[in-house]
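K.L.:
Mind folding the following:
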Amino acid sequence: MPLSPSYRLAATILHGFDEYRSRFKAITADASRRFAAGAWREAQRASAERINLYEEKVQATLKRLRRGFSEERLIDCECWREARTHYAELIDQRLDYELAETYFNSMFCSLFHHRHIRNEWMFVYSSRERAARLSGLTLCRRARVQGGWTAGLRWALEGARLETPFIDLENDAARGGEVLRGLLPDTIRDDPEAEIELIKSVFYRNKGAYLVGRVLGGGEQVPLVLPVLHEVGAGLYLDTVLIEPDEVSIIFSFTRAYFQVKVVVPSEFVHYLQELMPDKPEGELYAAIGFFKHGKTEFFRGLNRQVARRDDRFIIAPGVRGMVMAVFVLPSYRTVFKIIKDRFDPSKSMSRENVREKYRLVKLHDRVGRMADTQEFSNFTARQDHFDPECLAHLLEVAPSTVYLRGDKVVIRHCYTERMMTPLNLYLGQCDEAETRAVLKDYGNAIKQMAAANIFPGDMLLKNFGVTRHGRVVFYDYDEVCYLTECNFRHIPEPLYPEQELADEPWYSVGPNDIFPEEFGPFLFADIRLRRLFYGLHPELLDADYWKGLQRAVLDGRVIDVYPYRNKQRFSGVENGDLVH
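P.N.:
Numbers count the residues shown, from 1 in each chain. I've put the predicted structure just below:
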């Protein structure tokens, strides 16, 4: 009996998904070898390859569909309704069913250009609840401490079975155990039944291997993260011990590259991580472990639920309005929506495609904890009464080619979403003296750390940076971002005679990629008090030679260390200026 077209459609999509998952797992599995070999540049390339992989496999599957089906069949919604039913049956026993659903959605949206978003034709909602069926597989390893925290740390480090030996395992275990004992609350520390529990899989990212889990005792728990670093030619060492929920959350921040970690059952893996970080959205955790497309699915589902509650409406984002982007927010959802304007301010000489390319650059690059991750949406649709009238009028005015009305619906052809932060310029207006100093120090550190990763933000105005709930400064406006190595940093030449300094135009030639760091202060800070404070905290940022030194380091192939925890927490005591935090 021949198979129905709808069944063949479902089976073809699942075959494409299997190809994607097979390659994804292969790239991820090789992370342990890259870490053991100290192949840091290769690790960066693998990270970008894995991000690109999803769209490559979607396009390959689309070609296969077009070879096997007529165009009429491919745009037949009834065929897709039946295919959805067959697909749900095909993936019913899979451990990665939710990722498979998202892949099906990607195929549907690619063919229908993100229109006809209906649950009967795609998986707007999941085909089954997470709690409906558990795999029964063991995610973690666990050991009772019985007061021996040094032995507990030794068990934790040895059990990771990393391919490279530790430089001094006993010393790491002793120091780590002592620190952990001092950090733990009394109820856990003094419980003879206390246990250390760690996920079996190791989390690899950049130059680090992270052991992630928790400590349990006295009816309580605290998260536990053990970062292990590799000094090539010497061996491994434990760099610190982290148990504060906020510190662990920063490790999994939306401002960082995705982890390379073996995940057998994604839903159970993410559920465990959410127990450690209950304030972290589920979608962000999926993205953090590499499933950024499914993270987007979870974000969309959460947004739909929030909008349906009708607690608030979309409004124009607080702060200075952008010259390239129109930005609006749903205040209760901690997310900003960014639309490329039809016309840019005269000072911005770029095209829409230039802007989109900048956002793609950041998506693929190591964000070193200083650049916000983004999700891209096409044909985003919401009811007109979900928008504040002033907000809707503004969007229709500045981006009529992107935003339009269809009946009582607002359709946005293309937009980006980012995590909501407080714009740095607004944050500074609310700070006391100590907070001002701290945030300006972190602002300079953010610029330095991006530069260490070969990123120059271009427009460094305070309004283009935000402050997270953890007080970290993060860059989020990418329309002028470029590689540091593309810039030409110059000192301002001495004037030949006094009148040159008083002229309206510079007395020296300026090329398209020329940058004069001496101008940063007046450009960034109209407030002389803030300018002087910044000068005192980061004088090197005003020196072209400093920037040239960073360029040489990048060109020499150095992968500069930028850690997701404060330098003072590190056991090694290795100083790297303000490039570590």
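K.L.:
Low-confidence ranges, the stretch 151-300 of the chain, go.
P.N.:
Along the stretch 151-300 of the chain, no part satisfies pLDDT under 70.
K.L.:
mind listing the helices for it?
P.N.:
Per DSSP state H, counting those that start in this stretch, the stretch 151-300 of the chain has helices spanning 169-183, 186-189, 245-251, 266-276, 282-288, 292-309. These are given in chain order.
K.L.:
Would you convert the ones you listed into TSV that also reports mean neighbour count and distance to Leu198?
P.N.:
Glycine gets a C-beta too; all of them are placed from N, C-alpha and C. Formatted as TSV, those follow (neighbours: other Cβ atoms under 10 Å; distance: least, Cβ to Cβ, whole Å):
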stretch	mean neighbour count	distance to Leu198
helix 169-183	18	13
helix 186-189	15	16
helix 245-251	19	13
helix 266-276	19	11
helix 282-288	23	17
helix 292-309	18	24
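K.L.:
Name the single longest helix found in the protein.
P.N.:
Determined from DSSP state H, the single longest helix within the chain is helix 40-68.
K.L.:
Helix 292-309 and that one, what's the angle between them?
P.N.:
If you take axes from the mean of the first three to the mean of the last three Cα atoms, to 10 degrees, helix 40-68 sits at 70 degrees to helix 292-309.
K.L.:
Pull the contacting residues for the residue nearest to Arg181 when sequence neighbours are not counted.
P.N.:
Residue nearest to Arg181 in three dimensions, not counting chain neighbours: Trp149, with 4.5 Å by Cβ to Cβ, 6 or more residues apart in numbering. Shown in contact with Trp149 (Cβ atoms under 8 Å, 6 or more residues apart in numbering): Gly177, Glu178, Leu180, Arg181.
K.L.:
and which of these is nearest to Thr240?
P.N.:
Comparing the contacts of Trp149 against Thr240 with Cβ to Cβ places Leu180 closest, at 10.5 Å.
K.L.:
measure the closest one to Ile515 for me?
P.N.:
Computed with Cβ to Cβ, to the nearest Å, the distance linking Leu180 and Ile515 is 46 Å.
K.L.:
do Tyr333 as well
P.N.:
Tyr333 sits 37 Å away from Ile515, going by Cβ to Cβ.
K.L.:
Same question for Phe24.
P.N.:
Counting by Cβ to Cβ, the separation of Phe24 from Ile515 is 39 Å.
K.L.:
again with Val248
P.N.:
Distance of Val248 to Ile515, given as Cβ to Cβ: 37 Å.
K.L.:
now do Glu82
P.N.:
On the measure of Cβ to Cβ, Glu82 and Ile515 end up 58 Å apart.
K.L.:
now Pro495, what's its secondary structure?
P.N.:
With DSSP: H, G, I helix; E, B strand; the rest coil as the basis, Pro495 sits in coil.
K.L.:
mind checking how far it is from Leu180?
P.N.:
Distance of Pro495 to Leu180, given as Cβ to Cβ: 61 Å.
K.L.:
Next: Arg343.
P.N.:
From Arg343 across to Leu180, the span is 57 Å (Cβ to Cβ).
K.L.:
How about Asp76?
P.N.:
The gap separating Asp76 from Leu180 is 60 Å, by Cβ to Cβ.
K.L.:
now Phe269
P.N.:
24 Å.
K.L.:
same question, Gly219
P.N.:
For Gly219, the distance to Leu180 (Cβ to Cβ) stands at 19 Å.
K.L.:
now swap in Ala160 and tell me
P.N.:
For Ala160, the distance to Leu180 - Cβ to Cβ - is 16 Å.
K.L.:
Please work out how many residues are found near Ala31.
P.N.:
Other residues within reach of Ala31 by the criterion other Cβ atoms under 10 Å amount to 23.
K.L.:
And for Lys548?
P.N.:
Lys548 has 15 neighbouring residues, counting by other Cβ under 10 Å.
K.L.:
Report the secondary structure element holding it.
P.N.:
Remark: Lys548 resides in helix 544-555, with elements defined by DSSP states H and E.
K.L.:
what's that helix packed up against?
P.N.:
With contacts taken as 3 or more Cβ pairs under 8 Å, 6 or more residues apart in numbering; DSSP states H and E, helix 544-555 sits against helix 433-452, strand 488-489.
K.L.:
And the longest one, how far out from the chain middle?
P.N.:
Meaning helix 433-452. 20 Å (Cα atoms, centre = their mean, to the nearest Å).
K.L.:
got it, and stretch 527-539?
P.N.:
On the basis of Cα atoms, centre = their mean, stretch 527-539 sits 30 Å off its chain's mean C-alpha point.
K.L.:
and that stretch, average pLDDT?
P.N.:
Mean per-residue pLDDT for stretch 527-539: 95.
K.L.:
List the buried residues in that stretch.
P.N.:
For stretch 527-539, burial by neighbour count (16 or more other Cβ atoms under 10 Å) applies to Leu530, Arg531, Leu533, Phe534, Leu537, His538.
K.L.:
ok, the last one touching Gly444?
P.N.:
Yes. Taking Cβ atoms under 8 Å as the definition, His538 is a contact partner of Gly444 at 3.6 Å.
K.L.:
Would you double-check that Asn379 falls in a strand?
P.N.:
Yes. According to three-state DSSP, the state of Asn379 is that of a strand.
K.L.:
burial measure for the residue nearest to it when sequence neighbours are not counted, as a count.
P.N.:
Spatial nearest neighbour of Asn379, chain neighbours left out: His114 (3.8 Å); criterion: Cβ to Cβ, 6+ apart. Counted with other Cβ under 10 Å, the neighbours of His114 add up to 18.
K.L.:
just Gly471 next, same as before
P.N.:
13.
K.L.:
how about it, secondary structure?
P.N.:
Counting by three-state DSSP, the backbone at Gly471 sits in coil.
K.L.:
returning to what we had before: closest to Phe69 out of the helices of the stretch 151-300 of the chain?
P.N.:
Closest approach to Phe69 among these is made by helix 292-309 (23.4 Å; Cβ to Cβ).
K.L.:
coming back round to it: is the residue nearest to Asn379 within a helix or a strand, and which one?
P.N.:
According to DSSP H and E, His114 maps onto no helix or strand at all.
K.L.:
what residues are up against Phe456?
P.N.:
If a contact means Cβ under 8 Å, 6+ apart, then Phe456 has Met450, Val481, Cys482, Tyr483, Leu484, Glu486, Cys487, Ile515 as its contacts.
K.L.:
With neighbour count, pLDDT and secondary structure added, can I get those residues in JSON lines?
P.N.:
Below are those laid out as JSON lines (neighbours: other Cβ atoms under 10 Å; pLDDT from 0 to 100; DSSP: H, G, I helix; E, B strand; the rest coil):
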{"residue": "Met450", "neighbour count": "25", "pLDDT": "92", "secondary structure": "helix"}
{"residue": "Val481", "neighbour count": "21", "pLDDT": "93", "secondary structure": "coil"}
{"residue": "Cys482", "neighbour count": "16", "pLDDT": "94", "secondary structure": "strand"}
{"residue": "Tyr483", "neighbour count": "14", "pLDDT": "94", "secondary structure": "strand"}
{"residue": "Leu484", "neighbour count": "20", "pLDDT": "95", "secondary structure": "helix"}
{"residue": "Glu486", "neighbour count": "10", "pLDDT": "95", "secondary structure": "helix"}
{"residue": "Cys487", "neighbour count": "17", "pLDDT": "95", "secondary structure": "coil"}
{"residue": "Ile515", "neighbour count": "16", "pLDDT": "93", "secondary structure": "strand"}
